[in-house]
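Asker: I would like the atomic coordinates for the input below:
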Amino acid sequence: MPDQKIQLFYGNRGLLVNEAAEAAVQHALGETERSLGYERFSAAELVRDGEEVSLRLEALLNTLESPSMFSDRVVVRIDQAEQIKKGGGRSGGPNGAALFETILRRIAAPPEHLWLVLTSAAGRDSELSQPLLKAAKQFGNVQRFIAYDNDNPSDWVRHRAGGKGIRISPQVAGMLIRVVGNDVGDLDQELEKLSLLHPDASELTEAMVAEAVQGHRHFSVFAMVDALAQRDLRKALDVLQQQLEQAPREHVRLYMLVVQQFRRLLLISSMLESGKPQSDILKKLGLPGFIGKQAITHARQFKYAELTRVYALLGKMELRLKFEAELAGVLLREIFGNICRKTR
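Answerer: Predicted structure coming up:
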């Protein structure tokens, strides 16, 4: 951990952002001093107007400027740092302007007693104040934790599992990621659950993971995509209805998962058409054993021409789904019907 008095951690990997911030606090204070010299604030709350907020902001400003009576060091953590902006953040009021000016000044010249830790869920640099980001890079330590849709944190899963006293192979880690997604916060929760369910297991198996993740919010989506690949329209529509009721704005994500699945089936079908053996196809896919074999079985349910037609249809639907959200349910049902309909 760099011995920096100014730290900025940001990105859409909330678990890693929080862990980095906690490590910085621990490094600066240690366990014994933490209760005496640590304070945490939310910038989103501090930029609002109102007497109560003004009093809270005044307490922060005093902490930034004055040493503590109880500790030689004071660590101030401010979350939602994307709200610290020159124009006053979300509210644009005097509290926001005062917060921005003070933070920027203290980044450039922190008092001897002060360690400042800023965090943000901002996924892009442009979401942060550019003067603040520039100053943090110049005078402190900045770390960015970003996950992209196609990220595959298999090594992270295996290392994290090891830290919890359990072993997991690359294949089983891949299976967990496919069902749960690549958000490390979600993955960490599932690994914690698995460590409690199987404390004595020498290594996690596919069966252990499959049983544990059934309650995860992504599992039903996994089942929906799997049902489409098996042409089980009724089951796919049932899960779709459930998903749209629970999260009406998630239609684009559902669509993208279907696209990802049928892109894979199209690739498999192409390799099958060219006569590639199953072993070569599994190696090319890079999926856990049983998932790869399952995908090949699903691909055999379709003719190559059918998959080409489905993939073309999915491409045509993309813009409509993004810009006609009110028709998302109708459009997705139409897509599902076309996928499951067999052609002569």
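
Asker: Quick one: name whatever helix or strand follows the helix or strand of the chain at the bottom of the mean pLDDT ranking.
Answerer: Ranked by mean pLDDT, DSSP states H and E, the weakest helix or strand in the chain is helix 219-229, scoring a mean of 73. Under the assignment DSSP states H and E, the closest C-terminal helix or strand after helix 219-229 is helix 233-246.

Asker: and residue 119, that one's in a strand?
Answerer: Yes: assigned with DSSP: H, G, I helix; E, B strand; the rest coil, residue 119 falls within a strand.

Asker: Now do the closest residue to residue 106 other than its chain neighbours: how many residues are near it, please.
Answerer: Closest residue to residue 106 apart from its sequence neighbours, by Cβ to Cβ, 6 or more residues apart in numbering: residue 64 at 5.4 Å. Every C-beta, even on glycine, is put in place using the N, C-alpha and C of the backbone. By other Cβ atoms under 10 Å, 21 other residues sit near residue 64.

Asker: Now the terminal residues of stretch 269-280, how far apart.
Answerer: End-to-end span of stretch 269-280 (Cα to Cα, to the nearest Å): 13 Å.

Asker: For that stretch, which outside residues touch it?
Answerer: Under the criterion Cβ atoms under 8 Å, 6 or more residues apart in numbering, residues 281, 284, 293, 296, 299, 300, 302, 303, 304, 307 lie in contact with stretch 269-280.

Asker: sorry, back to before: thought the residue nearest to residue 106 was touching residue 114?
Answerer: Yes: here residue 64 reaches residue 114: they are 6.2 Å apart, a contact under Cβ atoms under 8 Å.

Asker: Are there residues contacting both of those two? Which ones?
Answerer: By Cβ under 8 Å, 6+ apart, residue 64 and residue 114 have these common neighbours: 76, 106.

Asker: domains in this protein, as residue ranges please.
Answerer: Under the assignment automatic domain parsing, the domains of the chain span 6-144, 154-215, 219-340.

Asker: And those, which one averages the lowest pLDDT?
Answerer: Averaged per stretch, pLDDT over these is lowest on domain 219-340, reaching a mean of 81.

Asker: from the chain's centre, how far out does that domain sit?
Answerer: Relative to the chain's own centre, domain 219-340 is displaced by 22 Å; criterion: Cα atoms, centre = their mean, to the nearest Å.
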